[in-house]
Each structure stands twice: as C-alpha cells, then as structure tokens.
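Peer 1: here you go, sequence then predicted model.
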There are 2 protein chains.
Amino acid sequence: MSSFSEIRPPAEHGTDTSWLREVAGDAALFERSSSAERVADVLRRRITEGALPPGTQLSEELLKEALQVSRNTLREAFRLLTHEGLLVHKMHRGVFVPELTEVDVVDLYRLRRVLECDVVRSLVDSHPDRLDPLRGDVEASESAALVGDWIAVGTANMRFHQHLVGLADSTRLDEITGRLLAELRLLFHVIATPQALHEPYIGRNRALLELLEEGQYQRAADQLNQYMLDSEAGLLAAFRGRG
Amino acid sequence: MSSFSEIRPPAEHGTDTSWLREVAGDAALFERSSSAERVADVLRRRITEGALPPGTQLSEELLKEALQVSRNTLREAFRLLTHEGLLVHKMHRGVFVPELTEVDVVDLYRLRRVLECDVVRSLVDSHPDRLDPLRGDVEASESAALVGDWIAVGTANMRFHQHLVGLADSTRLDEITGRLLAELRLLFHVIATPQALHEPYIGRNRALLELLEEGQYQRAADQLNQYMLDSEAGLLAAFRGRG
DNA sequence: AGCGTAGATATTGTTCAACAATCCTGCAAG
DNA sequence: CTTGCAGGATTGTTGAACAATATCTACGCT
C-alpha cells in the first residue's frame, strides 16, 4: 500500500519535535469542559435521536431541574444549539425544535451538492491513510445493515460525508457541514421507515470510496452529484407521503 | 432593458396583499429589541471598523461599565459575535478579536469562490427588479470612490456580494455568506491601503452586473471566478508585505 | 352566538451579587 | 534555566429578584 509509511527516521536524541503537532490536535479534548457545552451535548443527542419531536418547546423551568444547572447556563446551551440549527428561538416565547419543510430539504441539499462535489472534484493525490476514516465509516454502515440497525446505518452515513468533506482541510467547511448534517438528521426523524432511506446508499458509499482510492476524482464528483439528487428526491417523496 | 418591469397590475380594492411581505421583512426591526443584540451591534461595528485590532481582549469588567449592561447580557453578545467569527473564545481566558492568517484567506476565498460562482451559474431569468439591490451597491461604490471614501467602497462591495448571493433564495447560504464576509472584513483592516484593495473591483462589479442583466450567467460565473482569484492574490500579497 | 377587549397568569428577558474555578504574574528554591 | 508555589485578577456558574411580554380567561358589547 503506502511505500513510505513504515520508514521513520529515528530521533537522534531530543531533536524530534514532530509529536508535538499530534498532541496539539488533542488539546481541544481538555478545553471541552464547559457546563453549557455539556448541556448542549445532552440536548443535541436527544434532538438528533428524535426523542424531541419537531415543534416541542424546551421549557427553561423544567430543563433546569432535569439537568441540574442554572437557568443562565441552560440559556447559553440553547444559544449554542440555536446557532447549529437544532433549535429555533422565538422572542419572549422560548426555544423550540424546528419544524423543517420541503423548502428546507431543497435548501440543504443544494448546499450539500455544491460543497461536497466541489471538495471531491478538487481533491489531489495524497497519503492513502487519509481515506482511513472513510473506510471505517463504510464498514460500520455495512455491518450495521447486517444487524438491521438502520439508524446506525444513517449515523455512519453522516460520518462518511463529514469525513469526506474533511479531506478539504477547511475548518469553516467542516463547521458548515456539521450544521447541515445536523439539520438533515432532524429531517430524517419525520420518516418512519429509515431502511428505505439509508439502504440504497451503503453500496454507493463504497463505490464512491473505491473511486477515490483510484484517484478518479472527477467521476467520483459526478457520481456524488447524482447520489445527492436521488437522496433529495427520496426524502422529498417520503415527506409528501406523510406531511 | 426589462420587458415587463413597468407593468404593475393595479389592485382592484383590498385584494392586493403583496405589501404584507414587504412589511414582514421589517418585522425583524421590531423583534430586534434584545439587549444582547444591541450590544452585539455596537461591538460588531467597532470590530468591523477596525477600531479593535486583532488580538485585543474584550474585558467583561470594562465593557460592562462602558455599555451599561449586565455581565450576562454582555456574555450573550459575545456568544453571538463568536458564532459570526468576529470573536474567538478561549476557555477561562476571555474573548479576543481573532488574528487571521494567510491560511484563513485561502480558506475563506475557497468557500466564496465555490458558493458565489455556483449561485451565479445556477441563476435563471426572473423579474428584473431583483437586480435592483445590486445596482444600488454598484452606484454606491462608484460615488464613494469619487469622494475617495475607500472604506465605504469596501462596504458597498461587501453588500454587492451579499445581495448577489441573496439571488439564490437560500436562507442558509445568506447566513454563511454573512459570516464569511464579516471575517473577510476583519482581514481588510490589516491592510493600510484600502484603495489598492478595493478600487479594481468597482468596475468589475459593474461589468458583472451587466452580464447578469443580459442573462449571460455562465460568462458571469467565469468572470466572477477570476475576480475572486485576483482578489485573493492581492490580499495575500498585501498580507505578506506587512506580516 | 360571535367578537373584541381587559385583566390574570405564566414564561421569558435582564440585572445583580456572590462564590468557585482557572489563568497569569512574580518570586523563591533547586 | 527550569520548576514549584503563593497572590491577584479574570472568567465560569449559580440563585434570586424584578421587568417585559405572550398566552389564557373572563367579561361586556353588538
């Protein structure tokens, strides 16, 4: 596979400082200690899991006791999630789980198509290890499908796209994608049958990955574009069937 | 020019409800009565004006007295600006005006190129009035240039691009663009000579607008792409000259 | 009955004061 | 020169209180 991944020049004595960069990457794990962010994590999971149906209000009074935090901290968590698109804030009325519509589906997919396809199209050959996260996600979705855990398939699918975008090395693009996918997950919960929604894309993810491994970026981009169009159409159809 | 822009069907009696949408657009002005947002407005102007150099810390204690608001409200405004990219938050240390680097320039322009060019390329013929905001911005930049007010030229330039993106009718894209332009404005202030930075694009904006009026969207997109590449190169050059 | 309005109630918006947790500074010891 | 440890300053978090606003309810009017 890789021709030079095994070769590591042994550090003579204390002159090798390359490990510093790796450690610096984990620095965020230490600073992640904020009450508001922990509360936001809990609520984020609840919302993306679908435990809170769209339209439900998150009362400050109730959540304050349930989560054992101050009202201010809770409101700060609300604000975090609001800017992620997972909550909407109505003045003097409170925060609610947003009720997304078909307009939002079109809006979200339009952005996803443009951004993800451009990422793939602009790829250049780099170290093969960079595709490892994608491989892991594909395998995760495949094994989840065998067990019939379709929401796990959906999660692996999300991570695949997040990692795909990550190949562009753009912090802002990563952030934007995170928000888009979070909103998309919100939409998935109005669909009762996740199997029909996620199953078709397990194989297409693997096909996409293989094209990337072969360096056929233009073809991969074209395929991804059609992939997204189909996914959008399926979601819209499911939407009209229930709404 | 426009074949049907003058034609306006007269409202018979009370059946015309088109004004409702216009009024709805101003609704935000009424609901904008949040202290935190007002504080954020003040700080946003200060930052985008360049009054606060990158790296300076915004002390809670000092600003609380200067703005006559509670510490909580101030922190809320901080959060708002943080999510706009105009402030960075360091745990237990405070908020700072971010110090953007050449990496950020490349990152920002990559996203702008992809998004704005796609917007233009995907345009379809619609009511000519929709280009009115763009015409206003072009004229504003031209008249500001005559007076030599180059920061006003820069502002009009920003609004031109914001309105350009607005043609796509995507709330999420509008939001993303707002943040990208805000960060960009942050970068402009490290440049001492705004004339060299903004002057070349007054004419290019008008040329772009004329292409849009003629419906030549593909050519406009190509031109915009080169436009952005030049702008990025100029900003990077200015950056290296000072940094 | 239908409608609009005024007041009661509940929730959110904002402020304040206090304490806890953390970072920065300076200095002393090895 | 580096390490370890007070001291001071700043931020993080809490709780309570009051103000402002939306929702609900009841009343009076046509």
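Peer 2: That came through, no problem. Residues are numbered from 1 along each chain as shown, chains lettered A, B, ... in the order given.

Peer 1: please make it C-alpha for all contacts and neighbour counts, starting now.
Peer 2: OK.

Peer 1: could you chop chain A up by domain?
Peer 2: A:4-96, A:102-242 (automatic domain parsing).

Peer 1: output the ones you listed as JSON lines; include the columns mean pLDDT and distance to residue B:230.
Peer 2: As requested, these are exported to JSON lines (pLDDT from 0 to 100; distance: least, CA to CA, whole Å):
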{"stretch": "domain A:4-96", "mean pLDDT": "80", "distance to residue B:230": "33"}
{"stretch": "domain A:102-242", "mean pLDDT": "95", "distance to residue B:230": "19"}
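
Peer 1: to DNA strand D, which of those domains lies closest?
Peer 2: domain A:4-96 (3.4 Å; CA to the nearest atom of the strand).

Peer 1: what parts of chain A come near chain B?
Peer 2: Residues of chain A that fall close to chain B, judged by CA under 8 Å from any CA of the partner chain: A:31, A:72, A:76, A:79, A:83, A:91, A:107-108, A:111, A:114-115, A:118, A:170-173, A:176.

Peer 1: out of those residues, who's near DNA strand D?
Peer 2: A:72, A:91 (CA under 7 Å from any atom of the strand).

Peer 1: buried members of the residues of chain A next to chain B into PyMOL, please.
Peer 2: Filtering the residues of chain A next to chain B down to the buried ones (16 or more other CA atoms under 10 Å in any protein chain shown) takes a single PyMOL command:
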select buried, chain A and resi 76+79+83+107+108+111+115+118+170+172+173+176
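
Peer 1: any chance of the domains of chain A in a markdown table with distance to residue B:241 as columns?
Peer 2: Putting these into a markdown table (distance: least, CA to CA, whole Å) gives the following:
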| stretch | distance to residue B:241 |
| --- | --- |
| domain A:4-96 | 28 |
| domain A:102-242 | 25 |
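
Peer 1: can you pull out the strands in chain A?
Peer 2: With DSSP state E as the criterion, chain A has strands at A:57-58, A:88-90, A:94-96.

Peer 1: would TSV of the ones you listed with distance to DNA strand D and mean neighbour count be doable?
Peer 2: Below are the strands of chain A laid out as TSV (distance: least, CA to the nearest atom of the strand, whole Å; neighbours: other CA atoms under 10 Å in any protein chain shown):
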stretch	distance to DNA strand D	mean neighbour count
strand A:57-58	12	16
strand A:88-90	8	16
strand A:94-96	9	20
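
Peer 1: among the ones you listed, which comes closest to DNA strand C?
Peer 2: With CA to the nearest atom of the strand as the measure, strand A:94-96 is the member of those nearest DNA strand C (3.8 Å).

Peer 1: name every strand pairing with the closest one and say which way it goes.
Peer 2: Each strand paired with strand A:94-96, and its direction, by DSSP bridges: strand A:57-58 (antiparallel), strand A:88-90 (antiparallel).

Peer 1: how about the first one and DNA strand C, touching?
Peer 2: Going back to what we said before, that points to strand A:57-58. Yes - against DNA strand C, strand A:57-58 shows contacts by CA under 7 Å from any atom of the strand at residue A:58.

Peer 1: what residues does that strand touch?
Peer 2: Strand A:57-58 is contacted from outside by A:94, A:95, A:96, A:97, using CA atoms under 8 Å, 6 or more residues apart in numbering or on different chains.

Peer 1: and the first one, how far is that from residue A:138?
Peer 2: Going back to what we said before, that points to residue A:94. 40 Å (CA to CA, to the nearest Å).

Peer 1: again with residue A:241
Peer 2: Distance of residue A:241 to residue A:138, given as CA to CA: 29 Å.

Peer 1: which of these two has more neighbours?
Peer 2: Neighbour count, other CA atoms under 10 Å in any protein chain shown: between residue A:241 and residue A:138, residue A:138 has more, with 25 against 9.

Peer 1: which residue comes closest to the more buried one once chain neighbours are left out?
Peer 2: Leaving aside its chain neighbours, residue A:138 sits nearest to residue A:206 (6.2 Å; criterion: CA to CA, 6 or more residues apart in numbering or on different chains).

Peer 1: these two touch, right, that neighbour and residue A:140?
Peer 2: No - judged on CA atoms under 8 Å, residue A:206 makes no contact with residue A:140 at a distance of 11.3 Å.

Peer 1: distance to residue B:125 for the contacts of strand A:57-58 - can I get that in TSV?
Peer 2: Shown next, in TSV, are the contacts of strand A:57-58 (distance: CA to CA, whole Å):
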residue	distance to residue B:125
A:94	40
A:95	39
A:96	37
A:97	36
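
Peer 1: now those in CSV, with distance to DNA strand C?
Peer 2: Below are the contacts of strand A:57-58 laid out as CSV (distance: CA to the nearest atom of the strand, whole Å):
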residue, distance to DNA strand C
A:94, 4
A:95, 7
A:96, 9
A:97, 12
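
Peer 1: which elements pack onto the longest helix anywhere in chain A?
Peer 2: What stands out as the longest helix in chain A, according to DSSP state H, is helix A:217-242. Using 3 or more CA pairs under 8 Å, 6 or more residues apart in numbering or on different chains; DSSP states H and E, the elements in contact with helix A:217-242 are helix A:102-121, helix A:194-198, helix A:200-213.

Peer 1: alpha carbons only: can I get the second one in PDB?
Peer 2: Right, helix A:194-198. What follows is helix A:194-198, C-alpha atoms only, in PDB (Å, rounded to 0.1, in the frame of the first residue of the first chain):
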ATOM      1  CA  PRO A 194     -35.300   4.500   7.800                       C
ATOM      2  CA  GLN A 195     -34.400   1.400   5.900                       C
ATOM      3  CA  ALA A 196     -35.700   2.600   2.600                       C
ATOM      4  CA  LEU A 197     -34.000   5.900   3.200                       C
ATOM      5  CA  HIS A 198     -30.500   4.700   4.000                       C
END
